[in-house]
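[1] Pasting a predicted model and its sequence here:
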Amino acid sequence: MHDEPSVTVVRLGHRPGRDERMTTHVGLTARALGADEVVLPDNAGQSRDTIRDITDRFGGPFDVECSGSQKALIRNWEGTVVHLTMYGERVQDVEDEIRDAHTGDEEPLLVVVGAEKVSFDVYEAADWNVGVTNQPHSEVAGLAVFLDRLFDGRELDCEWEDAQQRVIPKATGKQVEPVDE
Ligand code: SAM
């Protein structure tokens, strides 16, 4: 979260057209649930623009970048690398150790999520391969549960900076109001 060691999410793989919404939702979920940055593949420029637009309107800080060298980012990461995969160790068994490395040792955290099949070198490069259940589901769901566990729910009280508008929570109906400078 914004006043803690950084959390970057890296999205491996993107099939233009087919993955547009999923890649966008990885970024929006990362932003809404307390990560500082998402790194998308080079061919995901449309998703990058949508995530930037939402950040401009609803606030940050949150960075979105595209990169052609995500494997190098993972290999050379100076901090902790967590790869979310249905084949990994159970999140409830390893969350304390990961939180200790992140907030205790103040290590920047890189969270890796896939799209299609993830190659074995990613499993080897990760400090933890983590399953949010050992059932197949989605990178968006896995990321949401993982971040909520990492932050212990504190991300739900996140304050947003430089927003143009904000939602007023209501039991019924929709209320959005401009934010005064
Ligand atoms: N079958 C592919 C593989 O072997 O890597 C996974 C494809 S899955 C649709 C896309 C991504 O969703 C995965 O790379 C992983 O990051 C995430 N994912 C799916 N199920 C998960 C689970 N149970 N726990 C954590 N992450 C999961």
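    Noted; the coordinates are in hand.

[2] Now do the buried residues in the host helix or strand of residue 47.
    Counting by DSSP states H and E, the element that carries residue 47 is helix 45-58. For helix 45-58, a neighbour-count test (16 or more other Cβ atoms under 10 Å) marks 47, 48, 50, 51, 54, 55, 58 as buried. The C-beta positions use only the backbone N, C-alpha and C, and glycine is treated the same way.

[3] do the same with stretch 98-116
    Using 16+ other Cβ under 10 Å as the test for burial, stretch 98-116 gives 98, 101-103, 107-115.

[4] can you check stretch 154-165 too?
    Of the residues in stretch 154-165, those scored as buried under the neighbour-count criterion (16+ other Cβ under 10 Å) are 155, 160, 163.

[5] Pick out whichever of those residues sits closest to residue 9.
    Within the buried residues of stretch 154-165, distances to residue 9 taken as Cβ to Cβ reach their minimum at residue 155, with 13.1 Å.

[6] what sits against the residue nearest the centre of the chain?
    By Cα atoms, centre = their mean, the mean C-alpha position of the chain lies nearest to residue 30, the distance being 3.1 Å. Applying Cβ atoms under 8 Å, 6 or more residues apart in numbering to residue 30 gives the contacts 7, 9, 37, 38, 62, 111, 143, 147.

[7] List the residues that contact the residue in the chain that the ligand sits nearest to.
    The minimum distance from the chain to the ligand, using Cβ to the nearest ligand atom, falls at residue 114 (2.3 Å). Residue 114 sits next to 12, 13, 84, 85, 122, 139 when contact means Cβ under 8 Å, 6+ apart.

[8] does the ligand sit close to stretch 123-137?
    Yes: remark: stretch 123-137 sits within contact range of the ligand at 131, 132, 133, 135, 136, 137, by Cβ under 6 Å from any ligand atom.

[9] From the chain's centroid, how far away is that stretch?
    For stretch 123-137, the separation from the chain centroid amounts to 15 Å (computed by Cα atoms, centre = their mean, to the nearest Å).

[10] Now it: buried residues?
    The neighbour-count check on stretch 123-137 (16+ other Cβ under 10 Å) flags 125, 126, 127, 128, 129, 130, 131, 132 as buried.

[11] Identify the residue nearest the first one in space, chain neighbours excluded?
    Pointing back at residue 125 there. Closest residue to residue 125 in three dimensions, ignoring its sequence neighbours and counting by Cβ to Cβ, 6 or more residues apart in numbering: residue 74, at 5.0 Å.

[12] Next, the one you found: phi, psi?
    The phi and psi torsions at residue 74 (degrees, to the nearest 10) take the values phi -70, psi -50.

[13] for residue 105, same thing?
    Here the main-chain torsion angles of residue 105 (degrees, to the nearest 10) amount to phi -90, psi 0.

[14] tell me the contacts of it?
    If a contact means Cβ under 8 Å, 6+ apart, then residue 105 has no contacts.

[15] Fine by me, thanks again.
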